[in-house]
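Student: compute the structure for the input listed below.
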Amino acid sequence: MKLKLITAVTAAMMVAAPAMAELTFSALSYRTGPYAANGIPFADGYQDYFTLMNERDGGIGGERINLVECETAYNTEKGVECYEATKGQGVLVYQPLSTGITYQLIPKATADNIPMHTMGYGRTSAKNGNTFSHIFNYPANYWDGASIAIKHILDVNNGDISGKKIALVYHNSAYGKEPIRTLEELAKKHGYELTLLAVDHPGQEQKSQWLQIRRERPDYVLMWGWGVMNSVAIQEAVNIRYPMENFIGIWWSGSENDVLPAGEGANGYKALTFHNLGSDYPLYADLQQYVKDAGKAAGAGDQMGTVLYNRGLYAAMLAVEAAKTAQEIHGTAQITPAMMRDGMEALEITEEKMAAIGLPNFGPTFSVSCENHGGDGFGAVKQWDAAAGEWSLITDFFQSDQDVLNPLIAEDSAAYAAENNIAARCE
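Tutor: Down below sits the predicted model:
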């Protein structure tokens with residue numbers, strides 16, 4: 001596979017025009033910095049899927065894939081530099097893997113007619129394609145996650161959580177703040193008391209937050225963390241003997257890296273997910289043959305089957321399927337970013353399609369439309385088994401509370417449209 005590993009500085013010096021007969025994708029990754037432990041497996045899964053497409057299928061529709069990876073270190077300024085340095089190479093879609101970078105790139109990518117996929121992160125109201133023409137966040141978003149967590153708590157309490165105390169431990173950034181409004185609205189509906197506990201970057205110091213949790217003893221703790229913040233929080237919960245089955249992380253707080261440092265103490269910890277787990281899928285046999293055994297695996301090749309590797313794989317798979325859709329719509333294999341946007345807006349993921357790819361039952365089915373860039377908001381709850389050293393799904397995939405979320409998305413996107421003078425685009 002042709003792969004360019006570049007920095008934001010050296011990228012700016014590269015020739016802008018992409019090579020002929022190639023489809024260029026970009027990975028705004030972070031293999032360095034305080035979030036590298038979680039950035040690496042995602043980046044590896046993302047790269048390996050594109051490698052598989054080249055080695056097994058000869059690319060997409062006969063066009064080989066050129067993946068340009070740019071290191072952001074999860075830094076918003078570096079992420080914007082990477083975008084500016086690489087956009088002239090014909091990148092079909094950006095996946096910044098950062099809510100902070102996403103917020104900065106929304107107006108830029110839209111003006112440049114380049115789509116952006118913020119899968120399970122970013123600005124939630126970008127689900128409204130009527131306002132956000134080039135931003136997609138299927139199959140689920142942070143407000144879905146907040147609702148799914150509350151629905152799970154409702155399920156284990158026979159539908160009644162009035163009077164319960166729920167604390168949110170969150171990364172003190174745009175990412176961590178994203179679910180607050182939704183949790184406040186859900187508190188009005190269900191009658192629980194919400195406590196907000198911010199944790200500053202990178203999250204290594206949380207003593208005061210967990211002393212407050214020990215003192216106030218909330219019935220449940222939700223976590224919107226990333227990187228070292230997650231493992232520190234789980235260890236702090238172990239230290240104060242907080243019941244781990246009542247500690248629930250968003251899908252970015254549910255990797256092996258988050259729980260393994262706490263050993264047996266992490267047993268029973270829960271997290272959300274919008275895709276399935278493990279490596280027991282036919283696709284993995286092809287990854288083994290065409291990528292790992294061929295010596296073409298990303299990084300050290302040791303992340304296959306992990307939660308975040310699977311998420312990177314899933315993100316790349318959705319990009320490939322959108323590219324195929326764009327090729328079909330426009331009748332050409334050599335699609336442009338504008339054509340890729342059309343493919344993303346017409347994307348349909350069915351169980352039949354996932355099975356044909358080699359990922360049966362890997363995630364919920366969904367379809368995208370002009371009005372809906374975010375899918376249907378399905379997620380599941382998983383739990384860590386320390387003895388087995390693995391995660392397992394403990395629920396089916398179920399839908400978030402659309403009655404609460406849809407008005408919030410409409411309100412937020414309408415405010416953005418008014419502020420930026422954006423006219424509705426869907427008929």
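
Student: any stretches of the stretch 51-200 of the chain with poor pLDDT?
Tutor: For the stretch 51-200 of the chain, not a single residue meets the criterion pLDDT under 70.

Student: ranges for the helices of it?
Tutor: 76-86, 99-111, 142-155, 174-177, 180-190 (DSSP state H, counting those that start in this stretch).

Student: give me whichever of those helices is most buried.
Tutor: Most buried of the helices of the stretch 51-200 of the chain, by mean neighbour count (mean count of other C-beta atoms under 10 Å): helix 142-155, with a mean of 24. The C-beta positions use only the backbone N, C-alpha and C, and glycine is treated the same way.

Student: okay, the angle between it and helix 180-190?
Tutor: Taking axes from the mean of the first three to the mean of the last three C-alpha atoms, to 10 degrees, helix 142-155 and helix 180-190 form an angle of 30 degrees between their directions.

Student: quick check: longest helix of this structure.
Tutor: helix 307-330 (DSSP state H).

Student: from the chain's centre, how far out does that one sit?
Tutor: 13 Å (C-alpha atoms, centre = their mean, to the nearest Å).

Student: in it, what's buried?
Tutor: 307-327, 330 (16 or more other C-beta atoms under 10 Å).

Student: quick one: mean pLDDT over it.
Tutor: Summarised as a single mean, pLDDT over helix 307-330 is 98.

Student: packing partners of that helix?
Tutor: Helix 307-330 makes packing contacts with strand 22-29, helix 36-57, strand 116-117, helix 337-345, strand 348-349, helix 351-357 when contacts are defined by 3 or more C-beta pairs under 8 Å, 6 or more residues apart in numbering; DSSP states H and E.

Student: one more time with 6 Å, if that's ok
Tutor: Applying 3 or more C-beta pairs under 6 Å, 6 or more residues apart in numbering; DSSP states H and E, we find helix 307-330 packed against helix 36-57, helix 337-345.

Student: hmm, back to that, please name whichever of the helices of the stretch 51-200 of the chain is nearest to residue 335.
Tutor: helix 99-111 (16.5 Å; C-beta to C-beta).

Student: what packs against that closest one?
Tutor: By 3+ C-beta pairs under 6 Å, 6+ apart, helix 99-111 packs against helix 76-86, helix 174-177.

Student: need those helices in a markdown table (columns: distance to residue 342).
Tutor: A markdown table is the format used below for these (distance: least, C-beta to C-beta, whole Å):
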| stretch | distance to residue 342 |
| --- | --- |
| helix 76-86 | 21 |
| helix 174-177 | 29 |
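
Student: show me how this structure divides into domains.
Tutor: Taking automatic domain parsing as the reference, the chain has its domains at 2-140+277-376+412-420, 142-273.

Student: so for residue 386, which of those sits nearest?
Tutor: The nearest among those, by C-beta to C-beta, is domain 142-273 at 3.7 Å.

Student: report the separation between the two terminal residues of that closest one.
Tutor: Domain 142-273 has an end-to-end distance of 11 Å (criterion: C-alpha to C-alpha, to the nearest Å).

Student: also stretch 382-401?
Tutor: Where stretch 382-401 begins and where it ends lie 19 Å apart, using C-alpha to C-alpha.

Student: name the residues that touch that stretch?
Tutor: 144, 147-148, 259, 264, 266-267, 269-271, 273, 277, 364, 377-378, 380-381 (C-beta atoms under 6 Å, 6 or more residues apart in numbering).

Student: picking up where we left off before, make TSV out of the helices and strands packed on helix 307-330 and add distance to residue 63.
Tutor: Shown next, in TSV, are those (distance: least, C-beta to C-beta, whole Å):
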stretch	distance to residue 63
helix 36-57	10
helix 337-345	12
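
Student: tabulate those (JSON lines), appending distance to residue 386 and mean neighbour count.
Tutor: JSON lines is the format used below for the helices and strands packed on helix 307-330 (distance: least, C-beta to C-beta, whole Å; neighbours: other C-beta atoms under 10 Å):
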{"stretch": "helix 36-57", "distance to residue 386": "19", "mean neighbour count": "23"}
{"stretch": "helix 337-345", "distance to residue 386": "39", "mean neighbour count": "22"}
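
Student: sorry, back to before: make a ChimeraX selection of the buried ones in the contacts of stretch 382-401.
Tutor: Only the buried entries of those go into this ChimeraX selection, using 16+ other C-beta under 10 Å:
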select :144,147,148,259,266,267,269,270,271,273,277,364,377,378,380,381
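
Student: picking that back up, among the helices of the stretch 51-200 of the chain, which is nearest residue 284?
Tutor: The closest of these to residue 284 is helix 142-155. By C-beta to C-beta, the value is 26.7 Å.

Student: report the inter-axis angle for that closest one versus helix 99-111.
Tutor: Helix 142-155 and helix 99-111 are oriented at 130 degrees to each other (the same axes, to 10 degrees).

Student: quick one: contacts of helix 142-155?
Tutor: The contact list for helix 142-155, computed with C-beta under 6 Å, 6+ apart, reads 124, 161, 178-179, 182-183, 186, 220, 222, 248, 250, 272, 377, 379, 381, 400-401, 405.

Student: so where's the stretch 201-350 of the chain shaky on pLDDT?
Tutor: In the stretch 201-350 of the chain (pLDDT under 70), no residue qualifies.

Student: in it, which spans are strands?
Tutor: Ranges of strands within the stretch 201-350 of the chain are 220-224, 247-249, 270-273, 348-349, based on DSSP state E, counting those that start in this stretch.

Student: for the third one, which strands pair with it and how are they oriented?
Tutor: Put plainly, it is strand 270-273. strand 247-249 (parallel), strand 378-385 (antiparallel) (DSSP bridges).

Student: quick one: closest of these to residue 338.
Tutor: Among the strands paired with strand 270-273, strand 378-385 comes nearest to residue 338, with 29.4 Å by C-beta to C-beta.

Student: can you tell me the strand partners of the very next helix or strand once past the closest one and which way each runs?
Tutor: Helices and strands here follow DSSP states H and E; after strand 378-385, the next one along the chain is strand 390-393. Applying DSSP bridges to the sheet, strand 390-393 is found paired with strand 378-385 (antiparallel).
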